[in-house]
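Peer 1: no sequence for this one, just the structure:
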């Protein structure tokens, strides 16, 4: 897709690892240090649009990037996840799996990816979720 910031050829200089289906790159915001993403080479809007081959390639590249980051950054833990759709936090409509190294010295160390979900401040008025 010509305007997508994660599609070829625009993204090619940022690719760290790749196979015939997917590639890995460091996150542009890089917080925490060493944060990375795995993305399909083909433009797919969400994780639910991936082919079986892209799922397999994502898994293998996540593992390869984890090994690379373990050697270079020595994190104390990890978060791995997908944001889907604007309400789910997806800012670019090209599927991307976040690989986030976590460090014991972080101010929010020990708070996982669901911490905001569990936070009472995130409850909608009246307790109803969605349009139900």
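Peer 2: Good, I have the coordinates. None of the values given here were measured: they were computed from a predicted structure. Numbering: from 1, shown residues only.

Peer 1: Low-confidence stretches in this structure?
Peer 2: Where the chain drops to pLDDT under 70, the residues are 116-117, 126-132.

Peer 1: which residues in it form strands?
Peer 2: 15-18, 22-26, 36-40, 77-82, 97-102 (DSSP state E).

Peer 1: closest one to residue 51 among the ones you listed?
Peer 2: strand 36-40 (7.9 Å; Cβ to Cβ). From N, CA and C alone the C-beta is placed, and that goes for glycine too.

Peer 1: So for this structure, the centremost residue is which one?
Peer 2: Closest to where the C-alpha atoms of the chain average out (Cα atoms, centre = their mean) is residue 98, at 1.7 Å.

Peer 1: Give me whichever of the strands of the chain is most buried.
Peer 2: Among the strands of the chain, judged by mean count of other Cβ atoms under 10 Å, the one packed with the most neighbours on average is strand 36-40 (a mean of 25).

Peer 1: Have a look at the chain and report its longest helix.
Peer 2: helix 52-73 (DSSP state H).

Peer 1: what angle sits between it and strand 36-40?
Peer 2: Interaxial angle, helix 52-73 versus strand 36-40 (axes from the mean of the first three to the mean of the last three Cα atoms, to 10 degrees): 160 degrees.

Peer 1: Quick one: work out the angle between helix 52-73 and strand 77-82.
Peer 2: Counting by the same axes, to 10 degrees, helix 52-73 lies at 150 degrees to strand 77-82.

Peer 1: and helix 52-73, how far out from the chain's middle?
Peer 2: Centroid separation for helix 52-73 versus its chain: 12 Å, with Cα atoms, centre = their mean, to the nearest Å.

Peer 1: by contact count, what packs against that helix?
Peer 2: Helix 52-73 sits against strand 15-18, strand 22-26, strand 36-40, strand 97-102, with contacts defined as 3 or more Cβ pairs under 8 Å, 6 or more residues apart in numbering; DSSP states H and E.

Peer 1: okay, the ones you listed in TSV with distance to residue 65 next?
Peer 2: Below are the helices and strands packed on helix 52-73 laid out as TSV (distance: least, Cβ to Cβ, whole Å):
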stretch	distance to residue 65
strand 15-18	6
strand 22-26	5
strand 36-40	5
strand 97-102	5
